[in-house]
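A.B. asks: sharing a model that was predicted from the sequence below.
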Amino acid sequence: MIEKVGNKYELQCDYCSNYVEDFEDFQEAIDYKKANSWKSVNFNGEWNDKCPNCASRSSL
């Protein structure tokens with residue numbers, strides 16, 4: 001998930017404790033996710049984010 005923390009955004013894996021912080025805006029977090037092998041999974045109508053480690057260990 002991408003979450004606003006204070007004035008910054010943080011990208012968090014919904015399956016483990018991995019996260020990347022200090023994005024200036026939401027789009028910057030999305031761009032990072034796409035460029036760094038994070039996967040978005042629609043699960044029951046809610047989008048979840050998988051870090052590269054979790055994405056490589058499970059089928060999407």
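C.D. replies: Good, I have the coordinates. Residues are numbered from 1 along each chain as shown.

A.B. asks: skipping its backbone neighbours, what lies nearest residue 15 in space?
C.D. replies: In this structure, residue 15 finds its nearest non-sequential neighbour in residue 54, 4.3 Å apart by Cβ to Cβ, 6 or more residues apart in numbering. For every residue, glycine as well, the C-beta is placed using N, CA and C.

A.B. asks: next, the buried residues of whatever helix or strand the one you found lives in.
C.D. replies: Element membership of residue 54 [criterion: DSSP states H and E] is helix 52-57. Neighbour-count burial for helix 52-57, with 16 or more other Cβ atoms under 10 Å as criterion, is recorded at 54-55.

A.B. asks: what mean pLDDT does that helix get?
C.D. replies: Averaging pLDDT along helix 52-57 yields 92.

A.B. asks: CA atoms only: put that helix into PDB for me.
C.D. replies: What follows is helix 52-57, C-alpha atoms only, in PDB (Å, rounded to 0.1, in the frame of the first residue of the first chain):
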ATOM      1  CA  PRO A  52      10.000  -8.100  -5.100                       C
ATOM      2  CA  ASN A  53      10.800 -10.800  -2.500                       C
ATOM      3  CA  CYS A  54       7.200 -11.600  -1.800                       C
ATOM      4  CA  ALA A  55       6.300 -11.400  -5.500                       C
ATOM      5  CA  SER A  56       9.000 -13.900  -6.400                       C
ATOM      6  CA  ARG A  57       7.800 -16.400  -3.800                       C
END
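
A.B. asks: so what touches that helix?
C.D. replies: Contacts of helix 52-57 with the rest of the structure, by Cβ atoms under 8 Å, 6 or more residues apart in numbering, involve 13, 15-16, 18, 36-39.

A.B. asks: of those residues, keep whichever come out buried.
C.D. replies: Neighbour counting by 16+ other Cβ under 10 Å classes 13, 15, 18, 38-39 among the contacts of helix 52-57 as buried.

A.B. asks: need the max-distance pair from those.
C.D. replies: By the measure Cβ to Cβ, 18 and 39 form the most distant pair in those, at 12.5 Å.

A.B. asks: so for the two, which residues contact both of them?
C.D. replies: With Cβ under 8 Å, 6+ apart, residue 18 and residue 39 have no common neighbours.
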